[in-house]
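# Using only what follows, build the 3D model:
(one chain, ligands or ions: 1)
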Amino acid sequence: MKPVIVVHGGAGRIFKDREDGCRSGVTRAALKGYGILKHGGSALDAVEEAVVVMEEDPHFNAGRGSVLNEKGEVEMDAIIMDGKNLASGAVSAVKCIANPIKLARLVMEKTDHMLLTDQGASAFARGMGVPEVPGEKLITERSLERWKKNLEADSNPQQFQKDLGTVGAVAIDSAGNVACATSTGGLTNKRVGRVGDTACIGSGGYADNNVGAASTTGHGESIMKVVLARLILYHMEKGKSPGDAADSALDCMKTRVGGLGGVIVISNSGDWAARCSTQEMSWATVKDDQLHYGIHAGEWHTQPAEEAIGSRRC
Ligand SMILES: COC(=O)C[C@H](N)C(=O)O
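Residues are numbered from 1 along each chain as shown. Below is the predicted model:
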């Protein structure tokens, strides 16, 4: 099987001042994940490392750069899933952790559980020797400004679009295994303890070698109502291509619950799609050693991966 990776840096509005940062972030993440796959690494390692790249990039709403809750704190959700055996690990409402996706992987591999939250997740992280970072280190000027401007919590399902993007990745490795990973700071001014779609299996992501894998972004409460990632895989099981399955599922979310969002999808034969019902979503993929990426509808850049690695720090 030829390895393929697809990443997203969140659906919503991406204004001019953020465009270059988002393009460069998603392409660096896709190239990092592809490098792992090309060296025989697993889809699981590739999606984890690709998400780590974006968690460390303040252009995205994950890790450093996460949006702030009603109290002005960072509370993050993340999930990872292995399509080989349907193993999955997630964390929700975690603070003071640089890479929630790594903690989600530890939940998957070192516990009998699938989701650890808040203080329990922190205690587990300490037990695993994951270093705590001061909460302020994860806060950027931009997230602080957004929080101050928006002190009143807004329940409008379109509101998330003004936030930076959640991040995610899906991949298939040379052994034919698929995996997904998603990580987010959630929604600005969310209630303390609000858990979004990202931590919920089937909503924030799903991976099954029998079908493929999906990672989602957008209005979390809407995504959870339609269990977006699993809905996409359901459509693929019924014979739809990744692109058609993504369109149908996003359409259902819009018509049934008025929610907008975006998804990346890969099939177990290596076909992929990146789709959104928002105006923009940053995405990138590497397949057959070619990097493709874009943000706006119809925007599509292609560059040989080797050349792209040379011109970026990956
Ligand atoms: C682009 O924004 C997001 O993806 C937010 C995330 N889905 C949440 O609701 O927690």
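
# near the ligand, which residues of the stretch 101-250 of the chain?
160, 163, 165-166, 184, 186-187, 196-198, 217-220, 223 (Cβ under 6 Å from any ligand atom). Where C-beta positions appear, they are placed from N, C-alpha and C, glycine not excepted.

# any idea which of these is closest to Val107?
Thr198 (13.8 Å; Cβ to Cβ).

# re the thing from before, the residues of the stretch 101-250 of the chain next to the ligand in strands, which ones?
Counting by DSSP state E, the part of those found in strands is Thr184, Thr217, Gly218.

# Who are the contact partners of the last one?
When you say that, I think you mean Gly218. Going by Cβ atoms under 8 Å, 6 or more residues apart in numbering, Gly218 touches 11-12, 160, 197, 228, 253, 259-262, 276-278.

# From Asp77, how far off is it?
Gly218 sits 14 Å away from Asp77, going by Cβ to Cβ, to the nearest Å.

# Over to the first one?
Noted for Thr184: a distance of 6 Å to Asp77, by Cβ to Cβ.

# and for those two, which residues touch both?
Taking Cβ under 8 Å, 6+ apart as the criterion, Thr184 and Asp77 both touch Gly196, Thr198, Gly204.

# residue contacts, the closest residue to the last one other than its chain neighbours?
In this case it means Gly204. Nearest residue to Gly204, sequence neighbours excluded (Cβ to Cβ, 6 or more residues apart in numbering): Thr198, at 3.8 Å. Counting by Cβ under 8 Å, 6+ apart, Thr198 touches Asp77, Ala78, Ile79, Thr166, Thr182, Ser183, Thr184, Gly186, Gly204, Gly205, Gly220.

# Closest one of those residues to Lys137?
Once Cβ to Cβ is applied, the member of the contacts of Thr198 that ends up nearest Lys137 is Ser183, at 16.4 Å.

# Tell me how many other residues surround the closest one.
Look at Ser183: counted by other Cβ atoms under 10 Å, it has 35 neighbours.

# My guess is Gln279 contacts Leu260. True?
No. Under the criterion of Cβ atoms under 8 Å, Gln279 is not in contact with Leu260, lying 9.0 Å apart.

# where do the contact lists of those two overlap?
Gln161.

# The two: who's more crowded?
Set Gln279 next to Leu260 and count neighbours by other Cβ under 10 Å: Leu260 wins out with 22 against 14.

# so what's the more buried one up against?
By Cβ under 8 Å, 6+ apart, the residues touching Leu260 are Ala11, Pro157, Gln158, Gln161, Gly218, His219, Ser222, Met253, Lys254, Cys276, Ser277, Thr278.

# Surely the first one forms part of a strand?
Yes. Remark: Ala11 belongs to a strand, assigned using DSSP: H, G, I helix; E, B strand; the rest coil.

# so what pLDDT did it get?
Note for Ala11: predicted pLDDT of 95.
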